[in-house]
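Enquirer: when you get a sec, could you give me coordinates for this:
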Amino acid sequence: MRLDAEFFHPDYLEIQHELEEIGSQKLIDFQVKIRHPKEIKRNYVDDGFLFLRAQNVRPLSIDLTSSPVYISGEDAERLQENTIHNNDILITRTGANAGQCAIYLENNDAISSSHTFIVKSGNLNPFFLAIFLNTKHGTTLIERGRYGSTQPEIAPPFLYQIPIPVWDALPSVIEKTYLKSKELTEVSKVRYTEAQTLLLSELGLADWQPKQQLTFVKNFSDTESAGRIDADYFQPKYDNIVNAIKSCTGGWNTLENLVTMKKCVEVGSKAYIEDGIPFVRVSNLSPFEITQEKYISEELYTEITEHQPKQGEILLSKDATPGIAHYLREAPDKMIPAGGILRLKSKTDKIGNEYLTLVLNSILTQEQVNRDVGGSVIMHWRPDQVAGTVIPILHQDKQSEIEQKVIESFNGRKRAKDLLEHAKRAVEIAIEQDEQAAIDWLESVSEATDISVYNSIDKHNISVYNYSKGNRR
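Expert: The predicted structure follows:
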């Protein structure tokens with residue numbers, strides 16, 4: 001029931017025909033169920049049930065690294081039909097990222113927002129289905145079903161009609177590859193947690209928990225020197241953090257004395273185009289990756305090319321979700337960061353970039369951010385506040401030990417991501433050639449993947465974050 005010309009574009013019809021030619025069946029034929037979650041007024045809490053928003057759903061990845069949010073048990077009870085279980089597939093329903101999907105692999109249930117479909121894979125292998133929907137064939141067909149220009153959406157009736165290839169052996173090989181990727185991801189999380197724990201242990205904060213006190217005493221002179229009179233700014237927990245940093249045996253310094261800072265640029269929404277040079281906003285930034293969502297023209301990029309980040313710099317968010325740092329280990333592709341992001345470049349050999357990035361992403365910096373922007377409706381970490389952030393300078397041997405763990409963590413993440421890309425390519429090979437060719441290729445590249453980081457750890461001593469309860473198990 002579509003009359004718009006775009007729906008009948010030859011590229012879409014060609015992929016549809018290609019899938020039908022190899023003996024595909026419609027998604028609905030596999031007893032797949034798609035649920036559209038309901039919405040209530042959201043009231044986030046510090047400890048409760050993990051609430052997944054559309055921004056958490058990335059291609060083949062559920063991103064829980066950037067400020068996960070929680071809802072109360074009462075609200076979770078009201079949203080029982082929004083419950084996400086292990087192996088459910090999530091598909092973003094609206095917005096510029098409508099159609100992005102990933103499989104939920106956490107052991108603890110979560111609650112979904114109304115902007116995300118929950119898919120039960122029925123008779124299909126959920127790992128295979130998630131991979132297929134992320135191939136060039138799957139993403140193109142999902143794109144075909146999007147409607148609306150201002151706020152694009154997709155609907156279950158269209159998704160149910162997507163043709164899915166039928167193979168005997170490939171889905172189980174895809175599942176094996178997907179689970180190997182998951183293992184590598186978990187190992188990388190362990191390494192990163194070890195690095196954070198080592199940092200905090202060196203400052204005597206390994207078991208420290210921030211506590212909000214209802215009453216405490218401060219001198220009037222403290223308010224004069226700080227230029228603040230709001231009580232929350234002077235919470236003792238902030239003093240605990242700053243005092244621990246300033247007691248570091250290797251010394252400490254403010255961020256402005258360790259790096260140069262450059263503010264990036266805003267281009268305005270009117271400059272956005274469908275494809276071009278990535279325009280990186282705060283929502284695209286995480287400690288582990290930079291995603292793409294908005295784009296600008298090559299001509300505009302040329303005019304503002306001085307804002308192109310360089311290898312060795314750290315991108316640090318100062319607005320919306322301040323305090324997210326991403327280190328550019330390799331020369332980045334063309335991109336322009338938004339005005340809510342700062343470019344940091346080291347100007348001293350006293351502190352390593354990997355170590356500094358970890359500190360910026362740690363509770364040490366986050367509590368200073370909370371102090372500086374507390375009470376704001378729209379979070380804005382002023383450049384002078386960023387500059388005044390205190391940073392511990394551990395001895396070089398400890399910095400090196402921490403950096404080694406961070407590097408191992410990122411190498412593991414990269415290998416995990418490569419495996420998922422291999423799985424996608426295998427499905428495409430099966431469509432273009434045949435199933436056995438795809439299996440042979442995938443098994444060969446999987447065997448070549450170095451998983452030494454996984455084999456080197458004690459699998460019985462892994463600290464995993466329990467996102468549903470907000471604690472460790």
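Enquirer: how about the strands in the stretch 301-450 of the chain?
Expert: Assigned by DSSP state E, counting those that start in this stretch, the strands in the stretch 301-450 of the chain fall at 314-317, 325-327, 336-337, 341-346, 390-392.
Enquirer: so for the residue lying closest to Y301 once chain neighbours are set aside, what's the pLDDT?
Expert: Spatial nearest neighbour of Y301, excluding adjacent residues (Cβ to Cβ, 6 or more residues apart in numbering): I277 at 4.3 Å. Glycine gets a C-beta too; all of them are placed from N, C-alpha and C. Reading off the confidence values, I277 has pLDDT 96.
Enquirer: how close does the nearest residue to P126 once chain neighbours are set aside get to F127?
Expert: Leaving aside its sequence neighbours, P126 sits nearest to N87 (Cβ to Cβ, 6+ apart; 4.8 Å). Note on N87: its distance to F127, by Cβ to Cβ, to the nearest Å, is 8 Å.
Enquirer: wait, the residue nearest to P126 sits on N107?
Expert: No - with contact defined as Cβ atoms under 8 Å, N87 and N107 do not form a contacting pair (10.7 Å).
Enquirer: the two: which is more packed in?
Expert: A count of neighbours by other Cβ atoms under 10 Å puts N87 above the other of N87 and N107, at 14 against 11.
Enquirer: what's the distance between that one and P171?
Expert: 13 Å.
Enquirer: ok, now P156?
Expert: Separation of P156 from P171 (Cβ to Cβ) stands at 23 Å.
Enquirer: how about P68?
Expert: Distance of P68 to P171, given as Cβ to Cβ: 31 Å.
Enquirer: who has more neighbours, those two?
Expert: Neighbour totals were compared for P68 and P171, and P171 leads with 21 against 17 (other Cβ under 10 Å).
Enquirer: surely that one is within a strand?
Expert: No - according to DSSP: H, G, I helix; E, B strand; the rest coil, the state of P171 is helix, so it is not within a strand.
Enquirer: quick one: residues contacting it.
Expert: L124, N125, F127, F128 (Cβ atoms under 8 Å, 6 or more residues apart in numbering).
Enquirer: repeat for E428
Expert: Contacts for E428 (Cβ under 8 Å, 6+ apart) come out as T135, K136, H137.
Enquirer: if we use 6 Å, what do you get?
Expert: Applying Cβ atoms under 6 Å, 6 or more residues apart in numbering, we find E428 in contact with T135.
Enquirer: same check, this time on K263
Expert: Here K263 is in contact with L342 (Cβ under 6 Å, 6+ apart).
Enquirer: circling back: nearest to H17, of the strands of the stretch 301-450 of the chain?
Expert: Ranking these by proximity to H17 (Cβ to Cβ) places strand 336-337 first, at 38.8 Å.
Enquirer: with adjacent residues omitted, what lies nearest to the spatially most central residue of the chain?
Expert: Ranked by distance to the mean C-alpha position of the chain (Cα atoms, centre = their mean), the top residue is D63 at 3.7 Å. With sequence-adjacent residues excluded and distances taken as Cβ to Cβ, 6+ apart, D63 is closest to N56, at 5.2 Å.
Enquirer: low-confidence ranges in the stretch 301-450 of the chain?
Expert: Scanning the stretch 301-450 of the chain for pLDDT under 70 picks out 374-377, 448-450.
Enquirer: okay, helices next: where are they in it?
Expert: Using DSSP state H, counting those that start in this stretch, the helices found in the stretch 301-450 of the chain span residues 353-360, 363-373, 383-387, 396-432, 435-448.
Enquirer: out of the ones you listed, nearest to P337?
Expert: helix 383-387 (14.5 Å).
Enquirer: using CSV, list the CA coordinates for the closest one.
Expert: Presented in CSV, the C-alpha positions along helix 383-387 are these (Å, rounded to 0.1, in the frame of the first residue of the first chain):
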residue,chain,number,x,y,z
PRO,A,383,35.8,25.3,29.6
ASP,A,384,37.3,27.0,32.7
GLN,A,385,35.8,24.2,34.8
VAL,A,386,37.2,21.6,32.4
ALA,A,387,40.6,23.3,32.7
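Enquirer: show me what counts as buried in it.
Expert: Counting neighbours by 16 or more other Cβ atoms under 10 Å, one finds that the buried residues in helix 383-387 are Q385, V386.
Enquirer: residues contacting it, please?
Expert: Taking Cβ under 6 Å, 6+ apart as the rule, helix 383-387 contacts L255, E256, K318, D372.
Enquirer: and the buried ones among these, selectable in PyMOL?
Expert: The PyMOL selection below is limited to those of the contacts of helix 383-387 classed as buried (16+ other Cβ under 10 Å):
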select buried, resi 255+318+372
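Enquirer: show me the beta-bridge partners of L344.
Expert: Beta bridges link L344 to M261, I314 when assigned by DSSP bridges.
Enquirer: phi and psi next, for the residue nearest to E408 when sequence neighbours are not counted.
Expert: Excluding its sequence neighbours, the residue lying closest to E408 (Cβ to Cβ, 6+ apart) is R191, at 4.7 Å. Phi and psi for R191, reported as degrees, to the nearest 10, are phi -60, psi -40.
Enquirer: what's the distance between R191 and V406?
Expert: 7 Å.
Enquirer: ok so, going back, any idea which of the strands of the stretch 301-450 of the chain is most buried?
Expert: Highest mean neighbour count of the strands of the stretch 301-450 of the chain: strand 336-337, a mean of 27 (counted as mean count of other Cβ atoms under 10 Å).
Enquirer: adjacent strands (with direction) for it?
Expert: Sheet pairing of strand 336-337 (DSSP bridges) gives strand 277-280 (parallel).
Enquirer: for L285, give the beta-bridge partners.
Expert: Per DSSP bridges, the residues bridged to L285 are I290.
Enquirer: contacting residues for it?
Expert: Listed by Cβ under 6 Å, 6+ apart, the contact set of L285 reads S317, I324, H326.
Enquirer: okay if I get the residues you listed as a markdown table plus distance to G145?
Expert: Below are the contacts of L285 laid out as a markdown table (distance: Cβ to Cβ, whole Å):
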| residue | distance to G145 |
| --- | --- |
| S317 | 33 |
| I324 | 33 |
| H326 | 33 |
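Enquirer: quick check: the closest residue to V373 other than its chain neighbours vs Q385, distance?
Expert: Nearest residue to V373, sequence neighbours excluded (Cβ to Cβ, 6+ apart): M379, at 5.0 Å. Distance of M379 to Q385, given as Cβ to Cβ: 12 Å.
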